[in-house]
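>>> need coordinates for the following:
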Amino acid sequence: MGLTFKMLKSKILDKKRKQKLFLIPYFFTFASAAFGFFSVIQTLEGNFVVAAYCIMLAGIMDAFDGRLARALGSSSYLGMELDSLCDAVSFCFAPAILLYSWQLYNLGLFGVVILTFYLCCGLLRLAKFNITSASKLKEIGFFVGLPTTLAAFLAAQVVINNQWISQNLFPFLQNPIGIALFVLVLAFLMVSPIRFLSFKKINPQLAILGGFLLSILLVVSIWQSIPLFFLGLFSYLLSCVLYFAHSLIANKFEYF
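Modelled structure (predicted):
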């Protein structure tokens, strides 16, 4: 009888501990949404660079919540849906408001249409991700379509480092038309069939370490006034696009 009571007590304590563990990933999920909200506020106040950094911070928070949930064994459908809703705020809505207030308001209705298209593509990308099971994603090891987080990162980096990027890499980003074309490319990539490496098979501890390293890289890029983060993201994007194009060409020639 005493042994049964101890086992029952142990199960109750384990259940309570597991319930408390749910709070840790939720904190990062809500922090991501909060930074997205702060970004919109800063945009409305005209602090565009600060608003862009808020989007970057939202992305860092988003990088931790899912991995922590899996590492702590506290994953749930509620957490997944909540994460998706927060992503819609921080990586779809907030970047659209920022890009419009920063430059694309100069294009009038055309700028509104471009950003509406970006917003809709981002929401569609999130919906498609929701119907892809986590086990399947882990098995295949890639995302289909550019993740909204990375699209928002690239948009934020263009705002933060526009002068350096437009002078050293892409001169067309010096005017609103060029920025609109850049936004269109991001929107199409989010709903494209292009495969982007997901890094889901990485050990959770290494993933957390990678998050800290990305944070350090962001600090170094600010300190040295060199957009290292943008260069890394752009290299990742370009390599995935080129690999997908190579795969299409190789498959086509297999039939001849």
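>>> now do the helices in the protein.
Using DSSP state H, the helices assigned to the chain run over residues 2-21, 23-44, 48-72, 77-87, 94-102, 109-130, 134-140, 148-160, 162-168, 176-190, 204-224, 228-253.
>>> pick out the shakiest of those helices, pLDDT-wise.
Mean pLDDT values for the helices of the chain show the minimum at helix 2-21, a mean of 48.
>>> next, find the distance separating the nearest residue to residue 104 once chain neighbours are set aside from residue 152.
With CB to CB, 6 or more residues apart in numbering as the criterion, residue 104 has its nearest non-adjacent residue at 3.5 Å, and that residue is residue 111. To be clear about C-beta, it is placed using only N, CA and C from the backbone, and glycine gets the same treatment. In this view, residue 111 and residue 152 are 18 Å apart by CB to CB, to the nearest Å.
>>> verify the stated contact: the residue nearest to residue 104 with residue 97.
No: judged on CB atoms under 8 Å, residue 111 makes no contact with residue 97 at a distance of 11.9 Å.
>>> ok, now which ones touch the closest residue to residue 49 other than its chain neighbours?
In this structure, residue 49 finds its nearest non-sequential neighbour in residue 160, 5.6 Å apart by CB to CB, 6+ apart. By CB atoms under 8 Å, 6 or more residues apart in numbering, residue 160 lies in contact with 49, 52, 53, 227.
>>> right, and residue 241 touches residue 193 too?
No: using CB under 8 Å, residue 241 is not in contact with residue 193, being 11.4 Å away.
>>> neighbour-wise, which of those two wins?
Comparing residue 241 with residue 193 by other CB atoms under 10 Å, the one with more neighbours is residue 241, at 16 against 8.
>>> burial count for the closest residue to the more buried one other than its chain neighbours?
Closest residue to residue 241 apart from its sequence neighbours, by CB to CB, 6+ apart: residue 194 at 6.0 Å. Using other CB under 10 Å, residue 194 has 21 other residues around it.
>>> over to residue 131?
Using other CB under 10 Å, residue 131 has 6 other residues around it.
>>> show the pLDDT at it.
For residue 131, the model assigns a pLDDT of 78.
>>> now it: phi and psi?
The phi and psi torsions at residue 131 (degrees, to the nearest 10) take the values phi -90, psi 0.
>>> roughly how far does residue 227 sit from residue 99?
Look at residue 227 and residue 99: by CB to CB, they are 17 Å apart.
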